Each structure stands twice: as C-alpha cells, then as structure tokens.
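J.: My questions concern the predicted model and sequence given below.
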Amino acid sequence: PSSGGTILSIIGTGFTETRDISVKFRIGGVEKKVAGSYDPITDSLRCLTPDFSFEEQEESILFPQKCHVEVSIDGQTWIDNPDDFLFYSYQISVLAINPKCASIKGGCKMFMDISLEESMVERLSHLTVGFRSKGSNKGPAYLEPEKKLDIEESFEMKSEKDTGARVKEETIPTNNMKSANVNPLTVNADSKELERTNWILVDAAYENGSITCMVPSLENKDLEELEFEVDVSINGQQFTGQPSTFRFYDIYVRSISPNNGCSKGGALVTIFGDGFFETPGKKLKFITKYGERLVDLQWGKKEKIYSFYAPPITWLFGGEEPTPELINVLKEDLVKVEMTLSGIEWFDVGHFKYYDPEIEKISPAPPLDMTLPEEKRREIWESEAPEADPFVGLKTEAEIEKKRQEVAKKQKDEDDEMELLFKKAGALISLRGHHFPKSKNILVRFIQGNSAVLAQGIWKNSTRISTIIPEIELPPGIHELTVEISYNSQEYSTSGKKFKYMAFDKNLTPEQRNKLCLLYTSDAADDLLCVDLGGRRILTKK
C-alpha cells in the first residue's frame, strides 16, 4: 500500500553486507530512499517500502502506480531493478461482504466486493483474508514480523479438513524488521517466519470483482466473543485497516411449535432454540417433492425466538393450482423445514404437517373395566387402539351377512344413544372421522354459544379420537354442545357435530347428580323434563 511498511526482497547477484545498503523508490518526479539490509541466507537485499500516503492525500500521485526501484550497497552507485514495484492506495477497502454471518462449523464461501484495477489483479499472489474477534483487536490491523523472532522458529499449520482453509493462530507483533531476522523471500500468508495479531487467516482468490474465501471453523476454539471483524490483505502482509463486521453463530434449535396446521394456512409457528439473534438474512424454506418455497421469518427480540405464519398448502405447489388428489398426497407427507440466517447456509429446523381433520359423528367410547386398578385403566385409556376388521376370519356369505347385521345394529345403537341420551361431565366419548394425524397434543373444544371449554384428546387411530367430557358451567338443564378438535390450539376443525349435555345445579352433590335420570324424550326435553328407565317423567329421583 502507499502507506509503506511492506517487507520487500530484492534478488540479484554480487550483494554483500555493508553499512550503506540503500533502496530508492521513484514515482514520476517523487523519489524516496530507505535503508536496507543484507540477508546472507538468500543472498538478497531487503527493506521496508517508503510511505507515499502524503502524496496520495495531496493528490500529487494517483494510485495504483508502478514504481521504479534502484539499489546501492555503497550509497553512491545505484543499480536499476529490471522489475518495477506497484503501490496501491492505502484507502482501498472492501465495499460489502456476503454472508455477514456464518456457523462456527465454517465451510461457507464468503464473497467480498472490492474494486481492483487490472494492474493490481495481475500481481495478486498472496491474497489473504483475516478474521479477528472484536474482543482481541487491541493490536495493529496489519501483519508484520514478530520482534526477535528467529528464522528457525515456526508455528503449527492447522489444516481444516471441513473447509479446505489454512488457519493459523496469531500473536501480537512489533515493527522491528532488523531484529526480527526475517527471511523476506518467504513473507506471505503462509510465512513460518511471521506471527500475526490474533488473526485467523485463510487463503483467498479474486474473481469477477470479488474476493472469495472459505469461512474458517471455530469449533475447536475457546471463544467468548462471536462478533468478528474481517479484513483483506492484498499483499499477504498488510490489511486494509478498514475491516467489515462479521458474526459467527452457534445455533441450536430445540423445537418448532406448533409443528402442524390446517391446509388453509395461517398458524403462527414459533421456533425455540439457543444462540438466536437478529439478522436481515434470515429466511425459512419449506421443502416438498413439488419444490421449495421461501417463508419470511420474524424476530422476537424480547423472547429471542423466530416465528412465521404457515403458508397455505396450495402455495407449496409453486403457484400452480393443485388438484384435490395432489393436496391429499402432500397431506400424507411431512414438509421439511430449513432455516438460514445468512441467505447462504441452511440448517434443519424440523418438519411441518398439514392436516384437515373431519369429524363425521360422535359416539360413546368403549367403557373401561372398573374392576381394574386405576393405573391400569389409565394405561388402557391413553393407549392406541387400532380399528379391528370385524370380517377377518369369516368365510361364508352367511357369516359375513350375520356380522354385517351385528355391526350395523351396534352402530345404530351408538347413534341412538347419542341422539336419545344426554351426556354429563366425566362421560367418555369418541370422535369418529378421517385424517386424524397421530399426536399427543390434541385439544377437544366443547362449544356452547360464545363460550368454550377445552379437554385433552387421546389419539386412538387415524379415524378415532377419545376424550372425557369436562365440567361446563351452564344453567341447569340440557344443552347442545358443538365439538371440534385442534392440533395446535390455534386452528380448529369446522365439522359442526353436536351432542346433548346435561348441566347440573352447582349446589348438587355428586350423589344427588347421580340420582338424576339418564333418559329423555324429545317432547320432554323441550320442557326440560326427564324420564326414568320406565319412561315416567320426573325431575329427580327421590
């Protein structure tokens, strides 16, 4: 850079150690001379380039500029160097970086927009990108020799198998080249003779107006700070001094809730986890056999969560109007969900399930054997119960017809019971229908007018959900309740199926309630009059 300080090697013949070694740099009419030294190991001369930043500020020299170099070992006779040297502006800087954040696992490709003239691009050979924690940036933002560093000393080169990047741990240097005894012919991003200022360095390349590199891994590093600064070194020795802000992240997704929703969409879904932070590059992706669709993510600053609204299932078909058959196929699958914080790196969040449960009827649940211990009854109640095929093992038409009549009679008895009997709190009922996904988070909603009470639903199989009718505060008498189910406590089915519920006076004891009759006729129900098993209309059983 025009600010000088670059370690320069001059290769030639006839060089020897003297007290008068000098190197002269000339750009146009401006000439500057610096002291040099002899390196007996490589039989070359070395020096630090002079500072032309004043000329750049005064605009007397416009950079980049080629510089003519001459050397002298006696201070009088000057020898031309056949190769010129290129100075570039010390004000050069990266315009933008993408991504602005990445996982501590590394391996993500970074793009750094920078404007380099063709004369600079032709000479790029030691392009280096450095990453440094903001908690350790007390040293200078450039690379230079370590004081009193012996040439035989070296440090371990760590190969990152996951990223392909060369990574080196660095220490704070000084700017005393002569005492460093550095071999200037090997000063570059890989130089074993140099230490760095807490920088993690990776190789870089220039292509199509961008510097590219692989983000290094931090998985094996003990870092308290994940906020970093990123800078580029055009010559492998000096950074621009104008770093960009970069953040590493260590994300852990604990859960996505709810992980299901109706096919019409609209459920508010929350992603819970650790290490979350706000970033403009955050997005969600729904992945199905029909393609991928992006979903906007919202940041909850107070709770440190991400959230989104589930899109309608038809939207996942890429704008085409799907047939009912295709929608049903997608309902059977789990939608894979991925998230990005950078727009480049994606990681798994979980799966999302679309469903549209349909309640066809309400029926009495199979009674529990009250002679069993309570723990055993609870186990039976909460366990799955696959639907048995009543015709398995039947061979003759007569057997099949007989069984068909038995099944039809049982179903009619169940329908009559729900039609002619009222149910009270604590009764067991089953909701029969289709498209009931397996879940432990089923809610059953009992609705009367503008009020509703929730109860836990027990998944028995894909066509049956069982529940216990809760206590519902209503005026004493018989009421029609609508029952709907939900898997996410936000969206409920809209089947509209009803049953008759008996509400009791709050002052009645359980014994008094049990004495009330269980049957009624439609005309008696209109008058809220009950009948006993013999059909006699009564209010209570004395």
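T.: Arrived safely, thanks for sending.
J.: and stretch 318-334, how far apart are its ends?
T.: End-to-end span of stretch 318-334 (C-alpha to C-alpha, to the nearest Å): 17 Å.
J.: So for it, mean pLDDT?
T.: Averaged across stretch 318-334, the pLDDT comes to 89.
J.: Would you mark the buried spots in that stretch?
T.: For stretch 318-334, a neighbour-count test (16 or more other C-beta atoms under 10 Å) marks Pro322, Ile327, Leu330, Lys331 as buried. Placement of C-beta: from N, CA and C, glycine included.
J.: Distance from it to the middle of the chain?
T.: Mean-position distance between stretch 318-334 and its chain equals 26 Å (C-alpha atoms, centre = their mean, to the nearest Å).
J.: cool, stretch 330-344 as well?
T.: 10 Å.
J.: swap in stretch 241-257?
T.: 9 Å.
J.: repeat for stretch 389-407
T.: So, by C-alpha atoms, centre = their mean, the centroid of stretch 389-407 is 55 Å from its chain's centroid.
J.: Can you get me the start-to-end distance on it?
T.: By C-alpha to C-alpha, the extent of stretch 389-407 from end to end equals 11 Å.
J.: try stretch 476-496
T.: End-to-end distance for stretch 476-496, by C-alpha to C-alpha: 23 Å.
J.: do the same with stretch 479-498
T.: Stretch 479-498 has an end-to-end distance of 10 Å (C-alpha to C-alpha).
J.: can you list contacts of that stretch?
T.: For stretch 479-498, contacts defined as C-beta atoms under 8 Å, 6 or more residues apart in numbering pick out 258, 260-262, 264, 266-268, 355-362, 431, 433, 436-437, 439, 441-448, 457, 465, 472, 499-501, 503.
J.: Ile458 and Met110, how far apart?
T.: Look at Ile458 and Met110: by C-beta to C-beta, to the nearest Å, they are 52 Å apart.
J.: List the beta-bridge partners for the residue most central in space within the chain.
T.: Among the residues of the chain, Met339 comes closest to the average C-alpha position under C-alpha atoms, centre = their mean, at 3.8 Å. Beta-bridge partners of Met339, counted by DSSP bridges, are Leu284, Phe347.
J.: dump the residue contacts of the nearest residue to Ser462 once chain neighbours are set aside.
T.: Once flanking residues are discounted, Ser462 sits nearest to Phe436: 5.2 Å by C-beta to C-beta, 6 or more residues apart in numbering. If a contact means C-beta under 8 Å, 6+ apart, then Phe436 has Tyr355, Pro357, Trp459, Asn461, Ser462, Thr463, Arg464, Ile465, Ile485 as its contacts.
J.: Just the buried ones from those?
T.: Counted by 16+ other C-beta under 10 Å, the contacts of Phe436 give Tyr355, Pro357, Trp459, Thr463, Arg464, Ile465, Ile485 as buried.
J.: Kindly list the single helix or strand of the protein that scores lowest on mean pLDDT.
T.: One helix or strand of the chain scores below all others by mean pLDDT, DSSP states H and E: strand 158-159, with a mean of 32.
J.: buried subset of the contacts of stretch 479-498?
T.: For the contacts of stretch 479-498, a burial check counting by 16+ other C-beta under 10 Å picks out 258, 260-262, 267, 355-359, 362, 431, 433, 436-437, 439, 442-448, 457, 465, 472, 499-501, 503.
J.: After the helix ranked longest in the chain, which helix or strand is next?
T.: The single longest helix within the chain, with elements called by DSSP state H, is helix 397-420. Using DSSP states H and E, the helix or strand that directly follows helix 397-420 along the chain is strand 428-434.
J.: which non-adjacent residue is nearest Trp62?
T.: Not quite, residue 62 is Leu, not Trp. Excluding the flanking residues, the one nearest Leu62 by C-beta to C-beta, 6+ apart is Glu56, at 7.9 Å.
J.: Buried ones in the helix or strand where that neighbour lies, by neighbour count?
T.: Assessed by DSSP H and E, Glu56 sits inside helix 53-57. Residues Ser53, Glu55, Glu56 are the ones in helix 53-57 that count as buried (16+ other C-beta under 10 Å).
J.: Not counting its neighbours along the chain, what's nearest the second one?
T.: Closest residue to Glu55 in three dimensions, ignoring its sequence neighbours and counting by C-beta to C-beta, 6+ apart: Ile61, at 4.3 Å.
J.: so where's the stretch 401-542 of the chain uncertain?
T.: By pLDDT under 70, the weakly predicted segments of the stretch 401-542 of the chain are 514-542.
J.: can you map out the helices along it?
T.: Secondary structure of the stretch 401-542 of the chain (DSSP state H, counting those that start in this stretch): helices at 510-514, 522-526.
J.: Report the distance from the first one to the chain centre.
T.: Spelled out, it's helix 510-514. Distance of helix 510-514 from its chain centroid, counting by C-alpha atoms, centre = their mean, is 56 Å.
J.: these two touch, right, Ile234 and Val94?
T.: No. Distance between Ile234 and Val94: 10.8 Å, which falls outside the contact criterion (C-beta atoms under 8 Å).
J.: Who has more neighbours out of the two?
T.: A direct count of neighbours by other C-beta atoms under 10 Å for Ile234 and Val94 places Ile234 higher, at 24 against 19.
J.: For the buried residues of stretch 318-334, give me a markdown table that also has distance to Ala425 and secondary structure.
T.: Converted to a markdown table, the buried residues of stretch 318-334 look like this (distance: C-beta to C-beta, whole Å; DSSP: H, G, I helix; E, B strand; the rest coil):
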| residue | distance to Ala425 | secondary structure |
| --- | --- | --- |
| Pro322 | 44 | coil |
| Ile327 | 39 | helix |
| Leu330 | 40 | helix |
| Lys331 | 34 | helix |
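J.: and which of these is nearest to Val253?
T.: The nearest member of the buried residues of stretch 318-334 to Val253, counting by C-beta to C-beta, is Leu330 at 23.4 Å.
J.: I'd like to know how far that closest one sits from Arg432.
T.: Leu330 sits 24 Å away from Arg432, going by C-beta to C-beta.
J.: Might you calculate how far stretch 82-92 sits from the centre of the chain?
T.: Between the centre of stretch 82-92 and the centre of its chain there are 43 Å (C-alpha atoms, centre = their mean).
J.: okay, how far is it across that stretch, tip to tip?
T.: 27 Å.
J.: cool, stretch 341-351 as well?
T.: Taking C-alpha to C-alpha, stretch 341-351 runs 18 Å from one end to the other.
J.: Could you pull up the mean pLDDT of that stretch?
T.: 94.
J.: buried stuff in that stretch?
T.: Those would be Leu341, Ser342, Gly343, Ile344, Glu345, Val349, Gly350, for stretch 341-351 by 16+ other C-beta under 10 Å.
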